[in-house]
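Undergrad: Generate coordinates for the sequence data below:
(chains A and B)
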There are 2 protein chains.
Amino acid sequence: MPDVSSSSQAPIDAERLQEMMEAVSTFGGGPDGSMTRLTLSQEDGMARDWLGRWFSANGFEQAIDAIGNQFGKMTLAGANAPVVMVGSHIDSQPNGGRFDGAFGVVAACEAILAVSERLKAENRLSACNFQVVNWTNEEGARFQPSLLGSSVFSGAAELDWALDRRDGDGISVRESLDAIGYAGTDKVAIPDALIELHVEGSSTLEDAGEKFGIFTGFWGATKYRLAFLGLQAHTGPTPMAIRKDALLAAAYLIGDLKQIAGEHGLDLHTSVGRLEVYPNSPNVVPAEAVLFIELRSGSPEILAEAERKLKARIEEAALKAGVGFEVRSIDRRKAGTFARGLIELAERAAAGRGETARHLATIGGHDAVAMSGVCPSVVIAVPSRDGVIHHPTEYTSPEDQAFGTQVLADMLYRIACEGLQEVERSEAVA
Amino acid sequence: MPDVSSSSQAPIDAERLQEMMEAVSTFGGGPDGSMTRLTLSQEDGMARDWLGRWFSANGFEQAIDAIGNQFGKMTLAGANAPVVMVGSHIDSQPNGGRFDGAFGVVAACEAILAVSERLKAENRLSACNFQVVNWTNEEGARFQPSLLGSSVFSGAAELDWALDRRDGDGISVRESLDAIGYAGTDKVAIPDALIELHVEGSSTLEDAGEKFGIFTGFWGATKYRLAFLGLQAHTGPTPMAIRKDALLAAAYLIGDLKQIAGEHGLDLHTSVGRLEVYPNSPNVVPAEAVLFIELRSGSPEILAEAERKLKARIEEAALKAGVGFEVRSIDRRKAGTFARGLIELAERAAAGRGETARHLATIGGHDAVAMSGVCPSVVIAVPSRDGVIHHPTEYTSPEDQAFGTQVLADMLYRIACEGLQEVERSEAVA
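TA: Residues are numbered from 1 along each chain as shown, chains lettered A, B, ... in the order given. Okay, here's the model as predicted:
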């Protein structure tokens, strides 16, 4: 086994990384730091085109699969060598930030390029190939559910079902892929490992004055799309007593959800982030209110208990407002843990750069969560200023970006030199 | 003074009335009885064009003013004779019904035509001229406030301000008028009286088994457009305790508004018919929630008391959810009464056809409410099945339509024969 000392590891190019971050931020970026690059929008299409050109210019071979996931493969070993996939997503929330997702894709490009350059300079063969990934619709802002591309890729969601998802304007994923030219036909295999670098999206690292973290586990989530069904009527003459106001039921339940979270301290997060009111006219009693409800917990027991409470409160709210209801969909994501071998590899890489690697639990979904069911996966993290995410003030300094990307490159370089199974075996016995 | 016996009054043509109702319902009508003819939409433009052609074919002279109000004048007397304006509005709610408004315009056309035909058959001169009116944006569904066209016409609203109102897509009234060719330049004078025939929109007449009613007064309304201002964040990692959820504050207030109504029995109606949530993404804590709040009462004291309560509850809801708020606009419409002379004329006309004329108070706004400040005005009413309004099942039978239109024609015929002042004077001393 070749010796891999810290000094011989693959140094990244921090300037090149920043140039890529600036380039990708031009697609959908506003002057105030905001980013609106909804999945499969024109802006997303332009960012994908830019990434494809970068792949082509830097020796990566592009592939697009049927759900539009965009891959760029760097072949450094034989065709049958293991594949390590690295990446995140380029789509954003409406009026979101620039770092959530896009940083992980750009960092993957830079880290793989740095490893490739180093191996060539050393005239060393790689034990594996690398593949950048940009997943379709991680955010779930335009189409629901979130993690759509990685869920189809991992087999957790059916392709046709995913293609038939529609946005608020009734446009399907299928139509949107066609519109921007990303309805691909390439078949891409499940990789042998997946590593995602992401901004923390919370302030644990910043509060601790630390530069690097590892998501060792992930919270579960239960998501309801619920419609209260009332009766459309004039807000003027219609007597209060006979109104069937769907929005009133929604209001009762939104208050109840906040209360349910309070009953479980820090262990349960609840939210209604989206509410659709129909017909939504100032002088019409709402006939329909559709709530997008989320329950999140690291504990399967608390998540189940919260769902029981939710169901009871839905019935109470409907009864109190005199309306009906209909559960339109339920999505469940189980809590779990990431791959121990990859966690230990990340710890060692951070230590090699003189930093600790704080263990975190991810509450928000990541594509690596969807992938963790089919291959060893992990998410590593750099600090978010003030813990802000999904907002224009979301920010990670160039220095923190470079540090995280360097740790990622060090991880990849070690795998390239020692082989994935060797790394995991040596970590496991360490 | 010529004798006007019941037998000599102007008989309407019920078939012609139904043909017009069917014709106007083709513009924006759905197969289920629904009507979506938002003001100044393409459908509204086509309905206006149809009405203009009808005016032209039946001897009415069309005029369009700067806010797009559409008039059709039937000249039966000298140029300086008094003008009696009759009509309502052709715009509808989204997914509303066919009778609210459109029936009043069609009935005005038929009634004036019937009077004109009768006067010609009798070779009798008229004491006044008649003018059909189709007011712009009565509904307030697309642009707020409601009663926009009649408010500009009566001088209660500034023309430029009204033209600058924008819909949810940012399109202004000015642009919409241009788009359908109804940015008019005609000057139309305040009439000497205004009569509006409308469907009741409540079930008082139906419950009493009666065919005809008169709105003798109108409720006041106070309308707030209120924004709660929170902080956009990820619904996953963001700790519950630091969230500033604008939708949660909205939910608290919507519940409170229902409670405030309950504290005033039948004398206060409250509602939130429209709620805009921003950015309205399933996994983003809402940064902004804009509520369209209405308080309505026949009592100025109760309305003022309800507004005091509303203000206190807004502050409480903001405090409880940890968000800010901003009152974006307040519209106030005072409660009042309609013209006594016209009420008595309507009572006598109904009696002449063997029916009572139940006195009602209108809670929903009508253009006649906006006009009542500048000329004698009244709203007369025919039954609504099950009291339904602003819904596809809104319905008034052809027989009830014909009866109301006949009473209207009888009122107009009496004014034509006796003169408006004579009618009002004789009623006042009766």
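
Undergrad: The closest residue to A:Leu17 other than its chain neighbours: what secondary structure?
TA: Across the structure, with Cβ to Cβ, 6 or more residues apart in numbering or on different chains as the measure, the residue nearest A:Leu17 apart from its sequence neighbours is A:Glu110 (4.6 Å). C-beta: built from backbone N, CA, C; applies to glycine. Counting by DSSP: H, G, I helix; E, B strand; the rest coil, the backbone at A:Glu110 sits in helix.

Undergrad: Would you mind confirming that A:Glu110 is in contact with A:Thr405?
TA: Yes: with the criterion set as Cβ atoms under 8 Å, A:Glu110 and A:Thr405 qualify as a contacting pair; they are 5.5 Å apart.

Undergrad: overlap in contacts of these two?
TA: A:12, A:17 (Cβ atoms under 8 Å, 6 or more residues apart in numbering or on different chains).

Undergrad: still on that earlier bit, residue contacts, the residue nearest to A:Leu17?
TA: Applying Cβ under 8 Å, 6+ apart, one finds that A:Glu110 lies in contact with A:12-13, A:16-17, A:20, A:405, A:409.

Undergrad: again, only using 10 Å
TA: With contact set as Cβ atoms under 10 Å, 6 or more residues apart in numbering or on different chains, A:Glu110 has these partners: A:12-14, A:16-21, A:58, A:132, A:401-402, A:405-406, A:408-409.

Undergrad: Among these, which lie within helices?
TA: Secondary structure of those is defined by DSSP state H; positions in helices are A:14, A:16-21, A:401-402, A:405-406, A:408-409.

Undergrad: Could you tell me which residues of the stretch 1-150 of chain A lie near chain B?
TA: For the stretch 1-150 of chain A, the contact set with chain B under Cβ under 10 Å from any Cβ of the partner chain comprises A:36, A:38, A:93-97, A:100, A:139-142, A:144-146.

Undergrad: ok and the residue in the stretch 301-430 of chain A nearest chain B?
TA: When distances are taken as Cβ to the nearest Cβ, the stretch 301-430 of chain A approaches chain B most closely through A:Gly364, which lies 2.9 Å from it.

Undergrad: from what I can see that residue touches A:Ser271, true?
TA: No: counting by Cβ atoms under 10 Å, no contact exists between A:Gly364 and A:Ser271, whose distance comes to 11.3 Å.

Undergrad: Now do the shared contacts for the two.
TA: The overlap between the contact sets of A:Gly364 and A:Ser271 (Cβ under 10 Å, 6+ apart) consists of A:296, B:234-236, B:238, B:283.

Undergrad: Filter those down to the buried ones, ChimeraX style.
TA: The following ChimeraX selection, which keeps only the buried ones among these, applies the criterion 16 or more other Cβ atoms under 10 Å in any protein chain shown:
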select /A:296 /B:234,235,236,238,283
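
Undergrad: element containing the closest residue in space to A:Val378 that isn't next to it in sequence, please.
TA: Closest residue in space to A:Val378, ignoring its immediate chain neighbours: A:Leu342 at 3.9 Å, by Cβ to Cβ, 6+ apart. Per DSSP states H and E: A:Leu342 is located in helix A:340-352.

Undergrad: next SSE after whichever strand or helix holds A:Gln259?
TA: Assigned by DSSP H and E, A:Gln259 belongs to helix A:246-262. Past helix A:246-262, heading to the C-terminal end, the next element that is a helix or strand (DSSP H and E) is strand A:269-278.

Undergrad: what helices or strands is the helix or strand following that next one leaning on?
TA: For strand A:269-278, the following helix or strand on the C-terminal side (DSSP H and E) is strand A:284-285. Packing partners of strand A:284-285 (3 or more Cβ pairs under 10 Å, 6 or more residues apart in numbering or on different chains; DSSP states H and E): strand A:233-234, helix A:246-262, strand B:269-278.

Undergrad: how about a markdown table for the ones you listed, with distance to A:Ser88 and mean pLDDT added?
TA: Written out in a markdown table, the entries for these read as follows (distance: least, Cβ to Cβ, whole Å; pLDDT from 0 to 100):
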| stretch | distance to A:Ser88 | mean pLDDT |
| --- | --- | --- |
| strand A:233-234 | 48 | 84 |
| helix A:246-262 | 28 | 98 |
| strand B:269-278 | 26 | 97 |
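
Undergrad: Including distance to A:Gly213, could these go into a markdown table?
TA: Shown next, in a markdown table, are these (distance: least, Cβ to Cβ, whole Å):
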| stretch | distance to A:Gly213 |
| --- | --- |
| strand A:233-234 | 53 |
| helix A:246-262 | 25 |
| strand B:269-278 | 31 |
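
Undergrad: Now the stretch 151-300 of chain A against chain B: closest residue?
TA: A:Gly236 (2.9 Å).

Undergrad: just for chain A, where's the confidence low?
TA: Counting by pLDDT under 70, the ranges of chain A that qualify are A:1-8, A:424-430.

Undergrad: Sketch out the helices for it, chain order is fine.
TA: According to DSSP H, chain A carries its helices in the segments A:14-25, A:42-57, A:102-122, A:148-154, A:159-163, A:173-180, A:204-208, A:246-262, A:300-321, A:340-352, A:367-371, A:398-418, A:420-429.

Undergrad: buried sites along the helix holding A:Leu342?
TA: A:341-350, A:352.

Undergrad: what do you get for stretch A:367-382?
TA: Under the neighbour-count criterion of 16+ other Cβ under 10 Å, stretch A:367-382 has A:367-372, A:375-382 buried.

Undergrad: Next: stretch A:30-43.
TA: Applying a neighbour-count criterion of 16+ other Cβ under 10 Å, the buried positions in stretch A:30-43 are A:34-41, A:43.

Undergrad: surely A:Arg353 meets A:Thr405?
TA: No: using Cβ under 10 Å, A:Arg353 is not in contact with A:Thr405; the gap is 11.2 Å.

Undergrad: Neighbour count for those two, which is higher?
TA: When neighbours are counted by other Cβ atoms under 10 Å in any protein chain shown, A:Thr405 comes out ahead of the other of A:Arg353 and A:Thr405, with 25 against 14.

Undergrad: nearest residue to that one other than its sequence neighbours?
TA: Excluding the flanking residues, the one nearest A:Thr405 by Cβ to Cβ, 6+ apart is A:Ala107, at 4.2 Å.

Undergrad: looking at it, that neighbour is touching A:Arg16, isn't it?
TA: No: with contact defined as Cβ under 10 Å, A:Ala107 does not reach A:Arg16; the gap is 11.2 Å.

Undergrad: what residues are up against the residue nearest to A:Thr405?
TA: Contacts for A:Ala107 were tallied using Cβ under 10 Å, 6+ apart; they are A:12, A:17, A:20-21, A:86-88, A:132, A:196-198, A:380, A:382, A:401-402, A:404-409.

Undergrad: now swap in A:Gln421 and tell me
TA: Applying Cβ under 10 Å, 6+ apart, one finds that A:Gln421 lies in contact with A:82, A:127-128, A:192-193, A:341, A:415.

Undergrad: which residue is nearest the centroid of chain A?
TA: Among the residues of chain A, the smallest C-alpha distance to the mean C-alpha position (Cα atoms, centre = their mean) belongs to A:His366, namely 3.4 Å.

Undergrad: Relative to B:Glu210, how far out is that residue?
TA: Computed as Cβ to Cβ, to the nearest Å, the A:His366 to B:Glu210 distance reads 66 Å.

Undergrad: now do A:Gly324
TA: Taken as Cβ to Cβ, the spacing of A:Gly324 relative to B:Glu210 amounts to 33 Å.

Undergrad: what about these two, which has more around it?
TA: B:Glu210 (17 against 14).
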